[in-house]
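S.K.: Quick one: sequence plus predicted model below, questions after.
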Amino acid sequence: MSEGIDRDRFKRQQRNLARKQRGRRWILLIASVLAVIVAGTLAYRWFKGQRAERFAAAGDALVAADKWNDAAVQYRVALQLDPSNYHGLSGAARLASKAERPEALELWQKVLALPQCTIRDREDYAELLIKTNRLNLAEKAIDPLLKDNPDTKALQLAARYARKIGDNVKAGEYLRIASKRAPDDDAPRFQLAEVLAQSTDAADQAEARKILWELAARANLYKKAAVEALGAAPELTTDERKRLLQELMALTPKTAKDDLLAADMRVQLQPDEAARIYREEVERWRNGQSQELLDLARWLNAHQQPELVLSTFPVERTLEDNQLLLARLDALATLQRWNDIDGVLNRTDVTLDPSVIESFRARTALERNANLDAEVHWNHAISLAGSDPYKLRFVANFAEQSRATAAALKAYEQLARFPEHADFAYRGTQRVSQRSGDTAAQRAAMSKISARAPEDPNAADQLAYLSLLLGEDVDQNFAVAKKLAEQYPNRLSYRVTTALGYLRQHDPASALAQFKGPVSIDWKRTLPAWRAVYAAALFASDRNDEARTIIATISRDRLNPQERELIESPQRSN
């Protein structure tokens, strides 16, 4: 009996052992399958990653060959294969930045979230933010770059940001540091010269010219730019003009632009020989390439030589190049030969865009005091250009240059409907309104600019200034002005706005205090509007003689009605 029990126990043990072995086999089988799946997944991801890398590299090569559309396709495929591929994301972000595409910001933010993100990536991201006026984000991107031994590019970016917010003093400081850290890099030195040249301080301007002369004396990338910048510099001495002429003559290869700039120097040095110099330039370049001919025609027009333009470029020749034809039409307009302009525009072989033709017809009607005809032509030009923002830009700018205020405002209003051109349109509206003295229209345009660029302190300051001039929302705009002046104490324009706010609050002492600082203000070099606010503060503080001295330097036609009222009301009460 015991033997039977032992046999049963043995059988049960064998069955249990068999079940355990089968369980182990299943576990091993499942584990093997899972391992195969995991390995396959990893291998597939690796394979996709490698393919993504190849597509991204192909994108890089196409960008280098200036085939941007093809490169975008390669980057897109790379990111479809691997959405977090660093190479594909950074390449796509740089391409989108170059092409000024709206998706660039999002792409850069994805790059910055990756562990592979480099200092160069952060700098390129900051550069995009500055370029697109996202100044608050730019400040946050630049600050970390400056904390840990910043390189030259980081310092240059900081300088660009400072210039954007109007702090040229800080920009100069960053560029001086960059110049010292990279003495062989002429880029920050050239940029420093640009900043100093914008200063109202004579010493800064002299230093700018000194830097430009040093760059002009060296055979490097910035030699030509420095020479051209010196050509536009004011207050050059006779010796400096002679030296600059030698530098221009020595440039190789010499372009028509360089030669014409040298001719400018010769005219300044020998004004009695101007007619001869003009003829020599005509003989030298009259058979040049298209761009050279255009440079020559525009140069002659700039020097008020319309007769030479007409004799050098007969109408038959200009019909081959619309830009050259426009230069000829400008020369005819200078001579007020409106019938001749009509004759050209009526030719059947003129290939100018209809909106351009209508713009010229409007201008000729305006010059003949045929205002109703001019209005009809302006409206027709705007209508013809209506679906093309670039044509609208031409019509708006042409109307602005022709002093056709209503037409220019209408064209800019049409242009503002295209989001990518809205900033340009609002700036144009503000400029035209300012010239016409319509402060309310100017403020409306600036309000739209500020709304589109809420991070731009310059836009906020301009909006506050115009609002305070009109007496609108005084408390709110005064608070904005004070905050900006406290944040950027070296920015005189912000302090002028704050002073105007204090005047609106009937606090002349605080208004006058805004003009006190460590550096004295050379008022003759400031904007007339700023002098008007300063004079108003002086009047309100019973410093009438000083106020009248300042007012004597102001051209009234450069003030809008509200600014004129600031300096006229006190005088009427005395």
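M.R.: Now that the structure is in, tell me what you want to look at.
S.K.: Over to Gly517. Which of the three states is it?
M.R.: Three-state call for Gly517 (DSSP: H, G, I helix; E, B strand; the rest coil): coil.
S.K.: Show the model's pLDDT score for it.
M.R.: You'll see Gly517 listed with a pLDDT of 71.
S.K.: Give me the neighbour count for Ala154.
M.R.: Residues lying near Ala154 (other Cβ atoms under 10 Å) number 22. The way it works is simple: take the backbone N, C-alpha and C, and place the C-beta from them, glycine included.
S.K.: swap in Gln246?
M.R.: 11.
S.K.: Past the host helix or strand of it, which element shows up next along the chain?
M.R.: Using DSSP states H and E, the element containing Gln246 is helix 238-250. Per DSSP H and E, the first helix or strand lying C-terminal to helix 238-250 is helix 256-269.
S.K.: Now that next one: average pLDDT?
M.R.: On average, helix 256-269 scores 91.
S.K.: Restrict stretch 391-404 to CA atoms and write it as PDB.
M.R.: Written as PDB, here are the backbone C-alpha positions of stretch 391-404 (Å, rounded to 0.1, in the frame of the first residue of the first chain):
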ATOM      1  CA  LYS A 391       3.000  97.400 -55.700                       C
ATOM      2  CA  LEU A 392       1.100  99.100 -52.800                       C
ATOM      3  CA  ARG A 393       4.400  99.900 -51.100                       C
ATOM      4  CA  PHE A 394       5.500 101.700 -54.300                       C
ATOM      5  CA  VAL A 395       2.300 103.600 -54.600                       C
ATOM      6  CA  ALA A 396       2.300 104.600 -50.900                       C
ATOM      7  CA  ASN A 397       5.900 105.700 -50.900                       C
ATOM      8  CA  PHE A 398       5.500 107.600 -54.200                       C
ATOM      9  CA  ALA A 399       2.400 109.400 -52.900                       C
ATOM     10  CA  GLU A 400       4.300 110.200 -49.700                       C
ATOM     11  CA  GLN A 401       7.300 111.600 -51.700                       C
ATOM     12  CA  SER A 402       4.800 113.600 -53.800                       C
ATOM     13  CA  ARG A 403       3.300 115.100 -50.600                       C
ATOM     14  CA  ALA A 404      -0.100 113.600 -51.500                       C
END
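S.K.: What residues sit buried inside that stretch?
M.R.: In terms of neighbour count (16 or more other Cβ atoms under 10 Å), stretch 391-404 has its buried residues at Lys391, Leu392, Arg393, Phe394, Val395, Ala396, Asn397, Phe398, Ala399, Glu400, Ser402, Ala404.
S.K.: ok, now stretch 249-269?
M.R.: 251, 256-267.
S.K.: Against Ala536, how distant is the residue sitting nearest the centre point of the chain?
M.R.: With distances taken as Cα atoms, centre = their mean, Lys131 lies nearest the centre of the chain, 6.8 Å away. Lys131 is 38 Å from Ala536, where distance means Cβ to Cβ, to the nearest Å.
S.K.: ok, now Arg134?
M.R.: 36 Å.
S.K.: With neighbour numbers in mind, choose between these two.
M.R.: Counted by other Cβ under 10 Å, Arg134 and Ala536 do not tie: Ala536 has more neighbours, with 26 against 19.
S.K.: residues in contact with Gln462?
M.R.: Shown in contact with Gln462 (Cβ atoms under 8 Å, 6 or more residues apart in numbering): Met446, Ile449, Ser450.
S.K.: which one of those residues is nearest Glu358?
M.R.: Of all the contacts of Gln462, Glu358 sits closest to Ile449, with 28.7 Å by Cβ to Cβ.
S.K.: tell me which element the closest one is part of?
M.R.: For Ile449, the element it lies in under DSSP H and E is helix 439-452.
S.K.: Okay, buried residues for stretch 175-193 please.
M.R.: Result for stretch 175-193 [16+ other Cβ under 10 Å]: buried residues 175-179, 182, 185-193.
S.K.: related to what we said a few turns ago, what angle sits between the helix holding Gln246 and helix 256-269?
M.R.: Relative orientation of helix 238-250 and helix 256-269, computed by axes from the mean of the first three to the mean of the last three Cα atoms, to 10 degrees: 150 degrees.
S.K.: which helices and strands sit right next to helix 238-250?
M.R.: helix 202-216, helix 223-231, helix 256-269 (3 or more Cβ pairs under 8 Å, 6 or more residues apart in numbering; DSSP states H and E).
S.K.: how far off helix 238-250 does the shortest one point, in degrees?
M.R.: The one in question is helix 223-231. Going by the same axes, to 10 degrees, helix 223-231 makes 150 degrees with helix 238-250.
S.K.: just the strands in this protein please.
M.R.: Assigned by DSSP state E, the chain shows no strands.
S.K.: so where's the stretch 201-350 of the chain uncertain?
M.R.: The stretch 201-350 of the chain contains residues with pLDDT under 70 at 201.
S.K.: residue boundaries of the helices in the stretch 301-450 of the chain?
M.R.: 306-312, 315-318, 322-334, 338-345, 354-367, 371-385, 389-401, 405-415, 422-436, 439-452 (DSSP state H, counting those that start in this stretch).
S.K.: Give the buried residues for the first one.
M.R.: In this case it means helix 306-312. Buried residues in helix 306-312, counted by 16+ other Cβ under 10 Å: Pro306, Leu308, Val309, Leu310, Thr312.
S.K.: which phi and psi does Glu103 have?
M.R.: phi -80, psi 0 (degrees, to the nearest 10).
S.K.: Would you confirm that it contacts Ala96?
M.R.: Yes - the pair Glu103 / Ala96 is scored as a contact, 5.4 Å apart, by Cβ atoms under 8 Å.
S.K.: Which one of these two is surrounded by more residues?
M.R.: Ala96 (21 against 12).
S.K.: show me where the stretch 101-250 of the chain has helices.
M.R.: Using DSSP H, counting those that start in this stretch, helices in the stretch 101-250 of the chain cover 104-112, 119-131, 135-147, 152-164, 168-181, 186-197, 202-216, 223-231, 238-250.
S.K.: I'd like to know which elements the third one is packed against.
M.R.: For helix 135-147, the elements it packs on are helix 119-131, helix 152-164, judged by 3+ Cβ pairs under 8 Å, 6+ apart.
S.K.: Most tightly packed of these?
M.R.: Compared across the helices and strands packed on helix 135-147, helix 152-164 shows the largest average neighbour count, a mean of 22 (mean count of other Cβ atoms under 10 Å).
S.K.: Alpha carbons only: can I get it in CSV?
M.R.: Extracted in CSV, the C-alpha atoms of helix 152-164 (Å, rounded to 0.1, in the frame of the first residue of the first chain):
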residue,chain,number,x,y,z
THR,A,152,32.2,88.2,-29.0
LYS,A,153,28.9,87.3,-30.7
ALA,A,154,27.1,87.4,-27.4
LEU,A,155,28.4,90.9,-26.7
GLN,A,156,27.5,92.0,-30.2
LEU,A,157,24.0,90.7,-29.7
ALA,A,158,23.7,92.6,-26.4
ALA,A,159,24.8,95.7,-28.2
ARG,A,160,22.2,95.2,-30.9
TYR,A,161,19.5,94.7,-28.2
ALA,A,162,20.7,97.9,-26.5
ARG,A,163,20.5,99.8,-29.7
LYS,A,164,17.0,98.5,-30.3
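S.K.: got a list of contacts for that helix?
M.R.: By Cβ under 8 Å, 6+ apart, the residues outside helix 152-164 that reach it are 119, 123, 126-127, 130, 133, 135, 138-139, 142, 145-146, 150, 168, 170-172, 174-175, 177-178, 181-182, 185, 187-188, 191, 195, 456, 458.
S.K.: in the stretch 451-574 of the chain, which spans are helices?
M.R.: 457-470, 474-487, 492-504, 508-513, 528-540, 544-551, 561-573.
S.K.: which stretch in these has the least confidence?
M.R.: Looking at these, the lowest mean pLDDT belongs to helix 561-573 (a mean of 75).
S.K.: Give me the neighbour count for Ala141.
M.R.: Going by other Cβ under 10 Å, the residues that sit close to Ala141 add up to 22.
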